[in-house]
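Undergrad: sequence first, then the predicted structure:
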Amino acid sequence: MSLREGVDRMVDRATLAIGLDPDTAKVIQACNMVSQIKFPAKVRGKVEVFTGWWAIHSAHRLPAKGGLRFAPVINQEEIEGLAALMSYKCAIADIPFGGAKGGLLINPCNYKEDELRDITRRFAVELARKDFINPATNVPAPDLGTSAREMVWIADTYKALFPEDVNQDACVTGKPINRGGIAGRTEATGKGVQYALQEFFRHPEAVASAGLQDGLTTQRVVVQGLGKVGYHLAKFLVEDDNITVIAVIEHDGVVINDGGLNIHDVRQHMAETGGVKGFPGGSYSEDRDEALLMECDILIPAALESQIHAGNAMQIQAKLIVEAANGPVTYEADEILRNRGITILPDIYVNAGGVTVSYFEWTRNLSHMRFGRLQRRYDEIRGHGYLDTLEQLTGQRASDQQRKTLVRGASELDLVRSGLYDTMRMAFQDIREIIRENPNINDYRTAAFAIAITKIAQSYYDLGLVESSK
Ligand code: GLU
């Protein structure tokens, strides 16, 4: 079963649970549009033909939003499935976007930076000409194999094509801060996963029903993938929540340390050697598949799709699976894990932090102003005023440190983090509520899909695209 079919089956399950009209569900499931683009680029004197896609799963809200991935193994079916996940993710996180996804079939490791830049620019021209890059309709973002670097190249290409577009900065998100990006976007997905876990652990009944001990600090965690998402989330969890990461699984094997790995050092080692092999702070094994089955409290797949499948789901020993990646658990595996009573926090909720902060970046670009610019100093002056009055009234003086903390106006990063935290908390509470209210729903994935499809169905009814049966 492909990722797209798997996602559709998950939607079917939620449709049944909430009694949504199956015809409406069909409309929601359908990918509105997908375009395949073939374009030539000259590399080292030779013409190569590249294949890329842009899929718009839903356009009930615009722009359609999603990552643009560069990968050696992708196909249209997968892109469509990932675009669908974006629609549901945006709905759960209450982001007024449709869902989209793009991809370029390429192994970025085979090209030098300037070659990759030329190829990316060529691809961007093709996409922009078809309106698949446009601040109002289609806004790509970093994904697997792309980062702020590719986003700058794309934005710059768009600007050259449409210099008169006053909102040109908003044509992609995930840009570097000095090129129209927003503070906190790079680590946003990881931060969102951390907030999701923190929120989960604020609900003792949820923790108990997953068979876990109370408190994040006691958890022993295995992380698969120390890339853009996995690295930040593992580092945040270790540094802020005192979690013990007992294993990091990477493309060349696994590194294990029961006492806890130093995430920064593992990443440093990877940057120097290309993998985790030989990392001095833990024991190494090349059996990465076996490592997924390790005994642990929480397993966080933060790499590719379909890592947990019908072939290994029976042997998974983690009590909680936190899907930091998109689609890391297949539909079949999801069924097996649910029957085994293993709790899963689904991707469409857990990894929504990236697109949430992309939404903040997009609105920042449209307003042409950094968040907090108008009120930061005002808040600080007001804070001094309050504190001075309080000191006069009580006859007591606040310490310099207390004054500093109390009067401080919010920076852009503070505001971004606060908006992200709020989004992740609210979404989890919505998910918990539907589980409480609907006796047909007792897992987080079905609950998350139920919320998403209810919201999307409502917009379709409002727009008159589908008739409500009620
Ligand atoms: N690629 C990320 C995702 O899959 C972010 C998408 C975005 O920011 O638009 O959620």
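TA: Done, it's in. Since the model is a prediction, treat every value here as computed from it, not as a measurement.

Undergrad: CA only for contacts and neighbour counts going forward, please
TA: Fine.

Undergrad: so what touches the helix or strand hosting residue 366?
TA: Applying DSSP states H and E as the criterion places residue 366 in helix 353-367. Applying CA atoms under 8 Å, 6 or more residues apart in numbering, the external contacts of helix 353-367 come out as 65-66, 90, 93, 95, 141, 167, 169-170, 172-174, 180-182, 184-185, 187-193, 370-371, 416, 420, 423-424.

Undergrad: run a quick neighbour tally on the residue of the stretch 351-470 of the chain found nearest the ligand.
TA: Residue of the stretch 351-470 of the chain nearest the ligand, by CA to the nearest ligand atom: residue 355 (3.5 Å). By other CA atoms under 10 Å, the residues close to residue 355 number 28.

Undergrad: hang on, the earlier thing: and the ligand, which of the contacts of helix 353-367 reach it?
TA: Among these, the residues within reach of the ligand (CA under 6 Å from any ligand atom) are 65-66, 141.

Undergrad: got the residues you listed as TSV, with neighbour count columns?
TA: Output for these, formatted as TSV (neighbours: other CA atoms under 10 Å):
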residue	neighbour count
65	34
66	34
141	25
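
Undergrad: of those, which is the nearest to the ligand?
TA: Taking these together and measuring to the ligand by CA to the nearest ligand atom, the closest member is residue 66, at 3.7 Å.

Undergrad: output the contacting helices and strands for the strand or helix carrying that closest one.
TA: Assigned by DSSP H and E, residue 66 belongs to strand 64-71. Helices and strands touching strand 64-71, by 3 or more CA pairs under 8 Å, 6 or more residues apart in numbering; DSSP states H and E, are helix 76-92, strand 98-105, strand 138-142.

Undergrad: report the angle between the helix or strand hosting residue 449 and strand 98-105.
TA: Here residue 449 sits within helix 444-463, counting by DSSP H and E. On the basis of axes from the mean of the first three to the mean of the last three CA atoms, to 10 degrees, helix 444-463 is oriented at 120 degrees to strand 98-105.

Undergrad: tell me how far the closest residue to residue 145 other than its chain neighbours lies from the ligand.
TA: Among residues not flanking residue 145 along the chain, residue 70 sits closest, at 4.8 Å (CA to CA, 6 or more residues apart in numbering). Separation of residue 70 from the ligand (CA to the nearest ligand atom, to the nearest Å): 11 Å.

Undergrad: pLDDT averaged over the helix holding residue 366, what's the number?
TA: Averaging pLDDT along helix 353-367 yields 98.

Undergrad: got the angle for that helix vs strand 64-71?
TA: 120 degrees.

Undergrad: count of residues packed around residue 46?
TA: Counted with other CA under 10 Å, the neighbours of residue 46 add up to 9.

Undergrad: ok, it to residue 38 distance?
TA: Residue 46 is 16 Å from residue 38, where distance means CA to CA, to the nearest Å.

Undergrad: from the centre of this protein, point out the most distant residue.
TA: residue 395 (49.6 Å; CA atoms, centre = their mean).

Undergrad: read off the pLDDT value for that residue.
TA: For residue 395, the model assigns a pLDDT of 98.

Undergrad: if I pick it, what's in contact with it?
TA: With CA under 8 Å, 6+ apart, residue 395 has no contacts at all.

Undergrad: picking up where we left off before, go through the contacts of helix 353-367 and flag which are in strands.
TA: Taking DSSP state E as the definition of strands, the contacts of helix 353-367 contribute 65-66, 141.

Undergrad: and for residue 315, the neighbour number?
TA: Neighbours around residue 315, by other CA under 10 Å: 15.
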